[in-house]
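Peer 1: Sequence and predicted structure are below.
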Amino acid sequence: MGRTYECIEGRLREFIEAQPVFFTATAPLAGDGHVNLSPKGRSGTLVVLDGMTLAYLDFGGSGAETIAHVREEGNGRITLMWCAFSGPPKVVRVHGRGEAVFRDDPRWGELIGHFEGADGPAARAIIVVHARRISEVCGFAVPFMDYREERTQHAEHFGRKSDEEFAAYCEKKEHVGVSLDGLPGLPLPLPPRPE
């Protein structure tokens, strides 16, 4: 019962934008490297830029495996997935190539504007995903789950830090500058946010 799409538009785009959580998966090229799978959820942190391009905010607070994998020479593979936990059963995946846009990249100013109120002091990168395959499957085995509300701890915790304090936090945290497999992660020292 699978279906592929030429691009992200119409009801598919509405579905993606309405989901309170999505998952992102990446892996290094090395066969014995660590596969990374991360939940993402803060409201407003994912945008559909056009029919073949999405972007999401990468925040501090965890390692930098996704950044390392999309930065790895010859790699960049990334998959995003959304599950319908309410309404008709559906699982949507976007397979593509990712790139990390950092604070000192000339594109930062334009891209960060797409995130309106979701931006915050802990935004350390924007992951841009260029879709290569867009698909949907039934999701019959995905359970119904009720969405209650956003968790606010992440935004509140990092909202109390200055940019300098956040940069110092990133430098001290394990597996931020270098991934679990020794790949370059977040460039350190963290560039300051553009004015």
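Peer 2: Thanks, I have it.
Peer 1: This structure: helices as residue ranges?
Peer 2: With DSSP state H applied, the chain shows helices at 10-18, 65-71, 108-112, 153-159, 163-172, listed in chain order.
Peer 1: taking the ones you listed together, which one is wrapped up most tightly?
Peer 2: Highest mean neighbour count of these: helix 65-71, a mean of 25 (counted as mean count of other CB atoms under 10 Å). Where C-beta positions appear, they are placed from N, C-alpha and C, glycine not excepted.
Peer 1: Now do it: everything it contacts.
Peer 2: Residues from elsewhere that reach helix 65-71 (CB atoms under 8 Å, 6 or more residues apart in numbering): 24, 26-28, 34, 36, 38, 58, 75-78, 97-100, 125, 127, 175, 178-181, 183-186.
Peer 1: Nearest to residue 84 among the helices of the chain would be which one?
Peer 2: The closest of those to residue 84 is helix 10-18. By CB to CB, the value is 7.3 Å.
Peer 1: What mean pLDDT does the closest one get?
Peer 2: Mean pLDDT, computed over helix 10-18, is 96.
Peer 1: Who are the packing partners of that helix?
Peer 2: Helix 10-18 sits against strand 46-50, strand 91-102, with contacts defined as 3 or more CB pairs under 8 Å, 6 or more residues apart in numbering; DSSP states H and E.
Peer 1: Can you tell me which of the ones you listed is most buried?
Peer 2: Of all these, strand 91-102 carries the top mean neighbour count, a mean of 19, counting by mean count of other CB under 10 Å.
Peer 1: what sits against the residue nearest the centre of the chain?
Peer 2: The centre of the chain sits closest to residue 56, judged by CA atoms, centre = their mean, with a distance of 4.5 Å. Going by CB under 8 Å, 6+ apart, residue 56 touches 22, 24, 40, 45-47, 126-127, 129.
Peer 1: residues touching the nearest residue to it once chain neighbours are set aside, list them.
Peer 2: In this structure, residue 56 finds its nearest non-sequential neighbour in residue 46, 4.3 Å apart by CB to CB, 6 or more residues apart in numbering. By CB under 8 Å, 6+ apart, residue 46 lies in contact with 16-17, 22, 40, 54-57.
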